[in-house]
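[1] just the structure for this:
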Amino acid sequence: MALDWVLPGGRDFGGRVIVQQLAKTKQLLAFLQNFATLRRKRVTAYGSGDKVLWLADLPRDLPSGWKDACRSAFSTEKPDEIPELWLEVRKKRRPEPPPIPEEIKPWLPDEFLDKPEEYALKNTEDLFDLVQGKTNSATKRNAPKSQPNRRDWSATEKLEQLWLEYLVNQWEPWAKEFRIWREVQQLYEDVDFIRRRLEEAEERYELVLAVGLLQWRDPAGVTIKRHLLTASAEISQDAVRGVLTVTPAASFDGFRIELDMLEFQHRPDLGPVKDELEDLLEELDVRAWDKARMGKILRLIANRATPDAQVDENGWRPLERADKTFRIVLAPALVLRERRPTTYDELITRFLEAAENDPRFSTTIPWEHFVAEGEALSDSSETVPEDGGLSGNVGDRLYFPLPMNDEQRKIAEQLRKRPYVLVKGPPGTGKSHTIANRKLSAPLVPWVGPLSHLR
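    The predicted structure follows:
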């Protein structure tokens with residue numbers, strides 16, 4: 001269904017927009033779009049307030065009993081079976097350490113007995129020394145200097161043998177499983193942290209799946225480390241089973257290209273390849289794990305940026321450092337970040353696209369007068385009501401809820417001649433006061449509005 005695009009003012013005057021006015025409208029909208037871009041603060045890299053979860057760090061090669069602990073279309077051999085499952089992590093029961101033989105406990109340090117999980121990363125040789133070191137020193141201390149105590153040496157050997165058997169047969173299998181559990185548990189806690197943060201302040205934070213990491217040191221020496229493609233994501237929780245799932249958000253409408261980390265003059269001009277990019281992004285859909293399709297998109301952007309750009313769609317991890325070469329690696333990640341105000345930009349972009357592509361695009365009379373300011377307008381471009389723009393029998397006296405000054409009186413007089421007026425002026429000159437009077441005396445005023453946003 002075709003849409004009638006109407007610029008601020010709320011009135012559609014159909015085909016009253018002449019070619020010259022439409023051209024000026026496009027120029028003004030493009031100026032507003034570029035000006036908003038220039039004023040926006042450039043964020044060149046992820047900061048301390050961002051939570052970045054690199055998918056390259058997901059647990060891999062899990063044993064058969066842990067296959068359901070972590071699943072993702074990015075790491076499975078058959079991603080087409082779960083195309084929208086960007087990540088699923090399941091909470092697992094913590095494995096308990098095997099009981100230590102009573103004969104060995106007196107020879108072990110208290111730290112090991114109290115927190116054995118802190119020793120799970122140590123190898124068997126290091127753990128064997130926990131007992132061997134003590135038995136050696138105890139034997140040397142108790143044995144006579146002239147004659148070795150063979151009974152003590154035999155008991156020591158039996159103790160060390162018992163400790164070694166415990167380490168090999170019980171400790172090592174548990175430690176291996178515990179390391180897997182800790183890796184999965186850490187991932188679960190990271191995703192749950194993101195979920196809680198979104199629930200607490202969804203209006204402030206957003207979660208995106210980001211792919212195509214740009215790492216580049218620009219001509220000014222600024223290091224850039226941000227993703228070029230992002231898509232909205234959401235987290236759902238099955239609290240009964242302890243499962244967290246990351247999927248495309250309900251508002252998912254494709255991946256967006258982000259270039260605001262670059263200086264304006266360094267941003268690739270994607271206008272000539274806009275249609276091709278849109279087709280590739282539509283074909284990609286939610287399949288950010290499709291390296292072939294993703295590689296085409298990233299190379300198209302990179303080659304429009306610099307002639308020496310390099311793209312590695314097989315690079316799952318960030319590069320160690322950036323240099324003067326425009327480098328892009330896939331490096332998919334879930335990113336929790338503060339929302340950026342984009343409503344104004346999106347509105348201007350929609351108006352601009354409609355002005356360029358929609359034959360039914362129309363403007364309001366105040367907008368037409370504004371873009372034609374300084375030129376003589378045709379009398380046919382506006383319609384003045386028979387009552388001079390005022391409704392009702394109001395006479396010469398004006399009634400407002402707030403005090404009125406001479407400027408506001410002049411505005412009222414202008415409204416007797418035409419059904420609109422543009423109020424222009426810097427902050428603090430009474431625009432809000434004027435609008436309050438006009439809005440609260442609506443029967444007297446068909447339309448009034450400021451040129452710029454009120455502060």
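[2] low-confidence ranges in the protein?
    Low-confidence segments of the chain, defined by pLDDT under 70, are located at 1-18, 132-153, 359-360, 374-401, 416, 418-420, 436-455.
[3] domain ranges for it?
    49-90+208-340, 91-135+154-200 (the TED database).
[4] nearest to Gln33, of these?
    Closest to Gln33 of these, according to C-beta to C-beta: domain 49-90+208-340, at 11.7 Å. Every C-beta, even on glycine, is put in place using the N, C-alpha and C of the backbone.
[5] chain center to the closest one: distance?
    Centre-to-centre, domain 49-90+208-340 and its host chain are 10 Å apart (C-alpha atoms, centre = their mean, to the nearest Å).
[6] ok, back up a step: between the domains of the chain, which one is closest to Glu356.
    domain 49-90+208-340 (10.9 Å).
[7] who's in contact with stretch 305-318?
    Stretch 305-318 has contacts (C-beta atoms under 8 Å, 6 or more residues apart in numbering) with 54-56, 213, 215, 225, 266-268, 291-292, 294-295, 298-299, 302-303, 325-332.
[8] and for stretch 59-76?
    By C-beta under 8 Å, 6+ apart, stretch 59-76 touches 55, 58, 79, 82-90, 92, 180, 183-184, 187, 287-289, 332.
[9] how far does that stretch stretch from one end to the other?
    Stretch 59-76 has an end-to-end distance of 11 Å (criterion: C-alpha to C-alpha, to the nearest Å).
[10] buried stuff in that stretch?
    59, 62, 66, 69-75 (16 or more other C-beta atoms under 10 Å).
[11] do the same with stretch 77-85
    For stretch 77-85, by 16+ other C-beta under 10 Å, it's 79, 85.
[12] end-to-end on that stretch?
    Stretch 77-85: ends 13 Å apart by C-alpha to C-alpha.
[13] what's that stretch in contact with?
    Here stretch 77-85 makes contact (C-beta under 8 Å, 6+ apart) with 71-73, 76, 245, 247-248, 285-287, 289-290.
[14] picking up where we left off before, which of the contacts of stretch 59-76 are buried? Put it as a PyMOL command.
    To isolate the buried subset of the contacts of stretch 59-76 in PyMOL, counting by 16+ other C-beta under 10 Å, use the following:
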select buried, resi 55+58+79+85+86+87+88+89+90+92+180+183+184+187+287+288+289+332
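[15] tell me which of the contacts of stretch 59-76 fall in strands.
    87-90 (DSSP state E).
[16] now render the buried residues of stretch 59-76 as CSV, adding distance to Glu160.
    As requested, these are exported to CSV (distance: C-beta to C-beta, whole Å):
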residue, distance to Glu160
Pro59, 35
Leu62, 34
Trp66, 33
Ala69, 36
Cys70, 39
Arg71, 44
Ser72, 45
Ala73, 50
Phe74, 47
Ser75, 42
